[in-house]
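I need the structure of the sequence given here:
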Amino acid sequence: MNTNKPATDILTNNAGTIPINGNLLNGGKWQNDNPYPNPNPCDVDECGDRHIINNGGSITITGKLTSTGITDSKGNVYGSQILIYGGSVSAGVIENSANSSIVIGADSSRNLG
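As a prediction, this is how the structure comes out:
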């Protein structure tokens, strides 16, 4: 998987191996590089509230993992989460910004993330 583009909605890994070459934006708002008639989906006020869920296995990102929330034009706050239940999430750089959380817990076999 190669992604340097819009935020993910939900990325779930169930004891597999997910390699990601490049950067991954979890939530936040992505700058529009494609003007009308092909705007990017994160140019609206609905681009926070994203989740990366690792249930065992590994997610490896060669670049930067940025997890960030946003506040829309109406003042609503949308957070983002990285949830690690067993296994690992690794990246060249991990940035957990405002309105974001990292949750580490045990998987069904009681292995701590």
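
Which pLDDT value belongs to residue 77?
pLDDT recorded at residue 77 is 79.

I'd guessed it sits against residue 100; true?
No - assessed by Cβ atoms under 8 Å, residue 77 is found out of contact with residue 100, at 10.8 Å. Every residue, glycine included, has its C-beta placed from N, CA and C.

Which one's more surrounded, the two?
Just comparing residue 77 and residue 100: by other Cβ atoms under 10 Å the higher neighbour count belongs to residue 100, 20 against 12.

my guess is the more buried one contacts residue 27, does it?
Yes - in this structure, residue 100 is within contact of residue 27 by Cβ under 8 Å, at 6.7 Å.

hey, what's in contact with both of those two?
Shared between the contact lists of residue 100 and residue 27 (criterion: Cβ atoms under 8 Å, 6 or more residues apart in numbering) are residues 67, 68, 69, 79, 80.

Mind listing the shared neighbours of residue 77 and residue 100?
Common neighbours of residue 77 and residue 100 (Cβ under 8 Å, 6+ apart) are residue 69.

quick one: the residue nearest to residue 71 when sequence neighbours are not counted and residue 70, what's the gap?
Counting by Cβ to Cβ, 6 or more residues apart in numbering, residue 71 lies nearest to residue 77, which is 5.1 Å off, once chain neighbours are set aside. Here residue 77 is placed at a distance of 8 Å from residue 70 (Cβ to Cβ, to the nearest Å).

Report all helices and strands that the strand ranked longest in the chain contacts.
Longest strand in the chain, counting residues (DSSP state E): strand 58-68. Applying 3 or more Cβ pairs under 8 Å, 6 or more residues apart in numbering; DSSP states H and E, one finds that strand 58-68 contacts strand 10-14, strand 17-20, strand 24-27, strand 51-55, strand 80-85, strand 88-96, strand 100-105.

Who does the residue minimising distance to the centre of the chain form a beta bridge with?
Nearest to the mean C-alpha position of the chain, by Cα atoms, centre = their mean, lies residue 26 at 2.5 Å. Counting by DSSP bridges, residue 26 is bridged to residue 67.
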